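Novice: everything below, folded, please.
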Amino acid sequence: MNRAPYASDPAHSRGREFPEDRAGTRGPRSEFQRDRDRIIHSISFRRLRHKTQVFIAPDGDHYRVRLTHSIEVAQIGRVVARTLGLDEDLTEALCLAHDIGHPPFGHAGEKALDGAMRDRGGFDHNAMAMRMLMRLDSPYCDHVGLNLTWELLEGLAKHNGPVAQPNWALRELDAAFPLELASWPSLEAQVAALSDDIAYDNHDIDDGLRAGFLDLDDLLTLDFVADQWREVERRFPRATRDSRLRELVRGQIGLMVNDLLDHTRAQVAGMGSAAEVRAAGRPLAGFSPGFAAQERRLKSFMYDRLYNHPDQLATAERARSVIASLFAAYEQDPALMAEGWAEHLPAEEPARSRHIADFIAGMTDRYAIDRYAEIFRKVPEGLRNV
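Specialist: As a prediction, the model looks like this:
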C-alpha cells in the first residue's frame, strides 16, 4: 500500500504491555494485523452477535446487532483508510473492537450498571471495552488480556477525542500502560469513530424504516435526504419502493464518505507524521462544516423519532430493570453467578461490585434473559418490539 506520512506504521509501534516471544510466530503479519486477528478470534467479539444494536432481542433475522454493525463499520473504515493512505489493519481493528464493552441490551444495560455502580465508580461501555481487551478476555498462557498494541488501545480509549476525566477502569489501565489520554489519537482512530457515525446514521434508518418506527415522509423533511431520494426516483423510476429505500441508504453512505474524504485530505495536507497528528490539538478527520451541520440534524431526527420513540423507551426500561435485578441478585447471593466468577469475588468494595459488573457486562442479551428466568422463575416480558 502507499502509506501516507501521517499514517500509523506497525513497524514503529510503541509495543505491547507485555513482552512476547516471537519464536515460532504464526505467519508473516504486521503488529496491527495481529491486533485485528486477536480481536476477531476473541470471545468478546463473538458475543456481539447476540447484543443489542437498536432493537432489543429482535425476532426478525434482518435487523442489525452489535456484530453486524461492527462489521459494517469496519467496511467503511477500510475504504476511508485505504483512500487516505492510512493503515487499514489498525483502522479495521479499531472498528471491529469499538463496541466490545457494551453490556446486554445496549444503552439500557449500560444505564442499569451505571446506576448500580453509582457509589462505586460507575460504569462506562468504552472503558469496559478496554477492560475486556486488556484484562478480562484472557486466552493466553503468558499474559493477561489480548495484549494489543499501544496504538490500538490508545485509539479505543480516545477515539472520540481526549479523555479529560477517565473513570476508575480507564485510570487503572492507563496507570499500567500509559496511553496519553490528554491528546488526540491517530488518524486511524479518528476515521474509525467517523465510520461508526456513518454506519449507524444510515443503517439505523434502514432498520427503523423496516420496523415501521420511521416514516419516509418524515425523513424527507431533511433537505439533504430529500435530495438523495429525488435522485433515486429519477434514476430508478420502475424499481420497487423497498429497493429504492436500500439505494437511498447506500447513496447516503457514499455522500458522507466522500465529504469525509475531501475535508480530511485538506486538513492533513502538510502533516509529516503520526506524531504531528497527535500534536495538532484538534481533530483532523471530519466532515466539512456544512455537512457536519446536516449530520447533526440527522442525528437529532433519529433521536426524536427512533431512539426516543415511546415504544423504544418502554422496552429499554424493561431491559434496564432486568439488568438491575440481576445485579441485585448477585450482590445478595454471589453463588448465583457462573462457575469461576463467585469463587473469585473480592471481599471488599468497590472491587466486589466491579467484579459483579464485569460478569454482567460480558453477557449477551439472551444469556441475561435466561439467567433472569432461572433466578426469578419467570421470563421477562416486553423485551421485543419488532
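
Novice: SS state for residue 71?
Specialist: helix (DSSP: H, G, I helix; E, B strand; the rest coil).

Novice: what sits against the nearest residue to it once chain neighbours are set aside?
Specialist: Sequence neighbours aside, residue 96 is the residue nearest to residue 71 in space, at 7.4 Å (criterion: CB to CB, 6 or more residues apart in numbering). To be clear about C-beta, it is placed using only N, CA and C from the backbone, and glycine gets the same treatment. Applying CB atoms under 8 Å, 6 or more residues apart in numbering, we find residue 96 in contact with 36, 39-40, 45, 70-71, 73-74.

Novice: same deal with residue 219?
Specialist: With CB under 8 Å, 6+ apart as the criterion, the residues that contact residue 219 are 205, 209, 225, 301.

Novice: ok, 7 Å please
Specialist: Shown in contact with residue 219 (CB atoms under 7 Å, 6 or more residues apart in numbering): 205, 225.

Novice: now the helices for the stretch 201-350 of the chain?
Specialist: 216-219, 223-235, 241-268, 274-279, 289-302, 310-332 (DSSP state H, counting those that start in this stretch).

Novice: so which of those is nearest residue 59?
Specialist: Closest to residue 59 of these is helix 310-332 (CB to CB; 12.8 Å).

Novice: what comes up buried for that closest one?
Specialist: Using 16 or more other CB atoms under 10 Å as the test for burial, helix 310-332 gives 312, 315-316, 318-320, 322-327, 329-330.

Novice: got a markdown table for these, with distance to residue 147 and pLDDT too?
Specialist: A markdown table is the format used below for those (distance: CB to CB, whole Å; pLDDT from 0 to 100):
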| residue | distance to residue 147 | pLDDT |
| --- | --- | --- |
| 312 | 38 | 94 |
| 315 | 38 | 94 |
| 316 | 35 | 95 |
| 318 | 39 | 96 |
| 319 | 33 | 96 |
| 320 | 34 | 97 |
| 322 | 34 | 97 |
| 323 | 30 | 98 |
| 324 | 34 | 98 |
| 325 | 36 | 98 |
| 326 | 30 | 98 |
| 327 | 30 | 98 |
| 329 | 34 | 98 |
| 330 | 29 | 98 |
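
Novice: would you agree residue 205 is in contact with residue 250?
Specialist: No - applying CB atoms under 7 Å as the test, residue 205 and residue 250 come out as separate, 11.3 Å apart.

Novice: quick one: the closest residue to residue 306 other than its chain neighbours and residue 247, what's the gap?
Specialist: For residue 306, ignoring the flanking residues on the chain, the nearest one in space by CB to CB, 6+ apart is residue 208 at 4.5 Å. Distance of residue 208 to residue 247, computed by CB to CB, to the nearest Å: 17 Å.

Novice: who has more neighbours, these two?
Specialist: Taking neighbours as other CB atoms under 10 Å, residue 208 and residue 247 compare with residue 208 leading, 22 against 18.

Novice: contacts only, for residue 18.
Specialist: If you count contacts by CB under 7 Å, 6+ apart, then residue 18 has 143, 147 around it.

Novice: give me the pLDDT for it.
Specialist: Note for residue 18: predicted pLDDT of 97.

Novice: can you confirm it is in a helix?
Specialist: No - counting by three-state DSSP, residue 18 is not part of a helix but coil.

Novice: residue furthest from the geometric center of this structure?
Specialist: Most distant residue from the mean C-alpha position of the chain: residue 238, 37.7 Å away (CA atoms, centre = their mean).

Novice: next, it: phi, psi?
Specialist: Main-chain torsions, residue 238, degrees, to the nearest 10: phi -100, psi 0.

Novice: quick one: it from residue 229, how far?
Specialist: Here residue 238 is placed at a distance of 16 Å from residue 229 (CB to CB).

Novice: repeat for residue 255
Specialist: From residue 255 to residue 229 the distance is 12 Å (CB to CB).

Novice: now do residue 258
Specialist: Distance from residue 258 to residue 229, by CB to CB: 18 Å.

Novice: of these two, which one has the most company?
Specialist: Neighbour count, other CB under 10 Å: between residue 258 and residue 229, residue 229 has more, with 20 against 12.

Novice: so who does the more buried one touch?
Specialist: For residue 229, the contact set (CB under 7 Å, 6+ apart) comprises 220, 248.

Novice: one step back: confidence score at the residue farthest from the centre of the chain?
Specialist: pLDDT, residue 238: 96.

Novice: residue ranges with poor pLDDT in the protein?
Specialist: 1, 24-25 (pLDDT under 70).

Novice: excluding sequence neighbours, find me the nearest residue to the spatially most central residue of it.
Specialist: Nearest residue to the geometric centre of the chain (CA atoms, centre = their mean): residue 99, 2.6 Å. Spatially, and ignoring its direct neighbours in sequence, residue 99 is nearest to residue 66 (5.0 Å; CB to CB, 6+ apart).

Novice: check residue 236 too.
Specialist: That would be residue 244: by CB to CB, 6+ apart, it lies 5.8 Å from residue 236.

Novice: next one: residue 43
Specialist: Nearest one to residue 43, counting by CB to CB, 6+ apart, is residue 137 at 5.7 Å.

Novice: using CSV, lay out the contacts of residue 96 together with neighbour count.
Specialist: Below are these laid out as CSV (neighbours: other CB atoms under 10 Å):
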residue, neighbour count
36, 24
39, 23
40, 14
45, 21
70, 25
71, 15
73, 27
74, 25
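
Novice: can I get those in JSON lines with distance to residue 20?
Specialist: Below are those laid out as JSON lines (distance: CB to CB, whole Å):
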{"residue": "36", "distance to residue 20": "16"}
{"residue": "39", "distance to residue 20": "16"}
{"residue": "40", "distance to residue 20": "18"}
{"residue": "45", "distance to residue 20": "20"}
{"residue": "70", "distance to residue 20": "26"}
{"residue": "71", "distance to residue 20": "28"}
{"residue": "73", "distance to residue 20": "28"}
{"residue": "74", "distance to residue 20": "25"}
